[in-house]
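Participant: need coordinates for the following:
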Amino acid sequence: MRDKKHGEFTISTNKDYLDRHIIFDFLHTDAYWSENIPKEIVMKSIDQTPLVFGVYKGDVHTLYEQVGFARVITDSATFAYLCDVFILPAYRGLGLSKWLVETIVWHPDLQDIRKFMLATKDAHTLYERFGFEAVDQPELILQKVRKIPY
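Facilitator: Residues are numbered from 1 along each chain as shown. Below you'll find the model as predicted:
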């Protein structure tokens with residue numbers, strides 16, 4: 001995917017642009033789903049995820065600031081899981097989360113995906129506008145959760 005621009009913002013899948021400190025800080029401190037996650041786990045998750053999306057203010061080739069992030073765990077054929085989606089608080093309300101999710105669901109590597117999943121506590125309306133819906137048969141979905149992961 002080429003970098004996508006929208007006004008003064010850019011979305012890129014180039015891992016070289018990522019500000020890993022900002023990503024770790026948000027996921028470790030501010031994200032309800034990963035509170036207290038260790039730095040080495042965040043770094044491994046970025047390195048091992050095939051599709052990461054950074055949202056940046058400014059030109060990614062010169063001077064920029066990372067303001068958002070998401071990653072998609074996928075086999076690029078049948079299944080994808082969207083996770084760690086965030087826009088920093090100072091940049092919310094600008095439509096960046098909508099643009100980020102739209103960019104993700106239209107990414108060329110995700111067009112043949114049969115099942116695209118995510119979990120959210122409070123952003124259902126954001127994802128529903130892009131076709132995500134409640135699981136039809138939740139009784140079919142199982143999970144294994146480490147009670148104290150970190």
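Participant: for the chain, just list every one of the helices.
Facilitator: 20-25, 39-48, 96-105, 124-128 (DSSP state H).
Participant: dump the shortest one to PDB, restricted to CA.
Facilitator: Taking C-alpha atoms only, helix 124-128 is exported to PDB below (Å, rounded to 0.1, in the frame of the first residue of the first chain):
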ATOM      1  CA  HIS A 124     -19.200  -0.400  18.100                       C
ATOM      2  CA  THR A 125     -20.700   2.400  16.000                       C
ATOM      3  CA  LEU A 126     -17.300   3.200  14.400                       C
ATOM      4  CA  TYR A 127     -16.800  -0.400  13.200                       C
ATOM      5  CA  GLU A 128     -20.500  -1.000  12.300                       C
END
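Participant: list the helices and strands that helix packs on?
Facilitator: helix 96-105 (3 or more Cβ pairs under 8 Å, 6 or more residues apart in numbering; DSSP states H and E). Placement of C-beta: from N, CA and C, glycine included.
Participant: from what I see, residue 109 and residue 53 are in contact.
Facilitator: No - look at residue 109 against residue 53 with Cβ atoms under 8 Å: they stay out of range, at 11.7 Å.
Participant: more neighbours: which of the two?
Facilitator: residue 53 (24 against 15; other Cβ atoms under 10 Å).
Participant: what's the pLDDT at the nearest residue to residue 55 once chain neighbours are set aside?
Facilitator: Nearest residue to residue 55 in three dimensions, chain neighbours excluded: residue 68, at 3.2 Å (Cβ to Cβ, 6 or more residues apart in numbering). The model reports residue 68 with a pLDDT of 98.
Participant: would you check that residue 68 makes contact with residue 98?
Facilitator: No - the pair residue 68 / residue 98 is not scored as a contact, 11.4 Å apart, by Cβ under 8 Å.
Participant: before we move on, back to that, number of nearby residues for the residue nearest to residue 55?
Facilitator: With other Cβ under 10 Å as criterion, residue 68 counts 24.
Participant: please apply the same query to residue 58.
Facilitator: Residues near residue 58, counting by other Cβ under 10 Å: 14.
Participant: beta partners for it?
Facilitator: Taking DSSP bridges as the rule, residue 58 bridges to residue 64.
Participant: residues in contact with the residue nearest to the spatial centre of the chain?
Facilitator: Centroid-nearest residue in the chain: residue 70, 1.6 Å away (criterion: Cα atoms, centre = their mean). By Cβ atoms under 8 Å, 6 or more residues apart in numbering, the contact set of residue 70 is 52-53, 82-86, 100-101, 104.
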